[in-house]
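J.: The following block contains a protein sequence and its predicted model.
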Amino acid sequence: MLDHILQEYKVTHVLALAAQAGVRYATKDPASYVSSNVAGFVQLLEACRFCEPMPRVVYASSSSVYGLNTVSPFSEEHQVDRPASLYAATKKANEMIAHTYHHIYGLSLTGLRFFTVYGPWGRPDMFAFSATIKIHKGEALKIFQGPGGSELERDFTFIDDIVTGCVASVDKIPESTKGAAHYKVYNLGNKDPVTVTYMIECLERAIGKKAIKNYVPMPPTGDVLKTSADISLAEKELGYKPTTSLQEGINKFIAWYDEYYKSGLTKEMSNYVPY
C-alpha cells in the first residue's frame, strides 16, 4: 500500500511523524515500540528507495535521544549514546538507520528532535493535557521530583512553532541522489526551559482554578531531570524561530480545550488514565 501510494502519486517529499510515542508506556510494552518505530521506519525508507525519483524524507526524532546527557543546553553535537528509555533508543535507532540509508542508497534525510510539544489536539498523556483534565476534575497532580526534591525542567514547545520548523525542513531539504546524500538532524525547541511547577502555574492562570499538587520521587520509567534545546543550528540553516511564550501557548491550548469540551468532558476523556 505504501509503495503504491508513493509511486502512483509521484511523491517528492515525505514528512514522517507517525510513531509509538511516550517514554513511560515503553516500560510496559517495549516490543510495540520496536515494531512501530524501528521496523515501521525501515518499511517507509524501503518504500522510498524504490521510487524513481526517490523522495526527500523529513522524519520526527525526539529530544529523548539526549537521555542521560548532563550538558545543557542540548546540542546536535553532543553524544546521544546513553538513552534513558526504550522510546529514546528507538528514536536514536531511527537516526542511525537514516544515516545508513543516506550513505548507501542516496536518500536525502532530515531528522527533527522535538522538545516536549504541547498545544491543541495534543496527546492526552502529555503533561499539559493530563494536568488540565485533573485540574478540572479536582484530582491531585502527580509531580515528579529529582534527587533531594529538585524540580524537573522541560523545554515546552508550542505546536505552531514545531509546525513552522517542520515546514521549513521540508522546504529546504535537498534532492535525493544515487550517492551519499543529505543527512541532517536539528533540535526544534523553545530554548527556554522552565520547571514543571511553573507550567502548572500557567495552567492555573488560564483555567482559573488551583491545582492540587502531590510531589513524588521520579520513578525509573524513562523520564529525565531536564531538557533544554540549543536551536542555533535550526535558526541558522532553517530560519527557525519560536515565537510563542509558555503562558501564551497555554492560553491558546485552554481556549481550544474549553471550546472542544464546552459541554463537559466527554465520556472517553473523563475515563482517560494517562500512562
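T.: That came through fine. Residues are numbered from 1 along each chain as shown.
J.: List the beta-bridge partners for the residue nearest the centre of the chain.
T.: Centrality entry for the chain: nearest residue to the mean C-alpha point is residue 114, 4.0 Å, by CA atoms, centre = their mean. As for beta bridges, residue 114 partners with residue 188 under DSSP bridges.
J.: so who does it touch?
T.: For residue 114, the contact set (CB atoms under 8 Å, 6 or more residues apart in numbering) comprises 60, 61, 62, 63, 157, 162, 188, 189. To be clear about C-beta, it is placed using only N, CA and C from the backbone, and glycine gets the same treatment.
J.: Over to residue 108?
T.: Neighbouring residues of residue 108 by CB under 8 Å, 6+ apart: 54, 56, 57, 102, 173, 174, 175, 176, 177, 181, 182, 183.
J.: ok, and the most crowded of the residues you listed?
T.: Neighbour count (other CB atoms under 10 Å) singles out residue 57 as the most crowded of these, with 26 neighbours.
J.: Hmm, it is touching residue 107, no?
T.: Yes. Taking contacts as CB atoms under 8 Å, residue 57 lies within contact range of residue 107: 6.1 Å.
J.: Quick check: neighbours shared by those two?
T.: Residues touching both residue 57 and residue 107 (CB under 8 Å, 6+ apart) are 45, 48, 98.
J.: quick one: contacts for the closest residue to residue 243 other than its chain neighbours?
T.: Nearest non-adjacent residue to residue 243, counting by CB to CB, 6 or more residues apart in numbering: residue 161, 6.6 Å away. Counting by CB under 8 Å, 6+ apart, residue 161 makes contact with 188, 190, 242, 243, 244.
J.: re the thing from before, which one among the contacts of residue 108 gets closest to residue 92?
T.: Residue 92 has its nearest neighbour among these in residue 183, at 14.6 Å by CB to CB.
J.: How about that closest one: which residues does it bridge to?
T.: Taking DSSP bridges as the rule, residue 183 bridges to residue 109.
J.: now the helices: where do they sit in the stretch 51-200 of the chain?
T.: 86-105, 127-137, 159-172, 196-207 (DSSP state H, counting those that start in this stretch).
J.: tell me which residues in the longest one are buried?
T.: This points to helix 86-105. For helix 86-105, the neighbour count (16 or more other CB atoms under 10 Å) marks 86-95, 97-98, 101-102, 105 as buried.
J.: Surely residue 169 and residue 238 touch.
T.: Yes. Assessed by CB under 8 Å, residue 169 is found in contact with residue 238 at 6.1 Å.
J.: okay, and the common contacts of the two?
T.: By CB under 8 Å, 6+ apart, residue 169 and residue 238 have these common neighbours: residue 186.
J.: so what's the backbone phi/psi at the residue nearest to residue 160 when sequence neighbours are not counted?
T.: Among residues not flanking residue 160 along the chain, residue 244 sits closest, at 6.1 Å (CB to CB, 6+ apart). Note on residue 244: backbone dihedrals following degrees, to the nearest 10 are phi -100, psi 120.
J.: Contacts only, for residue 244.
T.: Shown in contact with residue 244 (CB under 8 Å, 6+ apart): 158, 160, 161, 190, 252.
J.: And residue 96, how far from residue 248?
T.: With distances taken as CB to CB, to the nearest Å, residue 96 is found 37 Å from residue 248.
J.: That's all I had, so thanks and see you.
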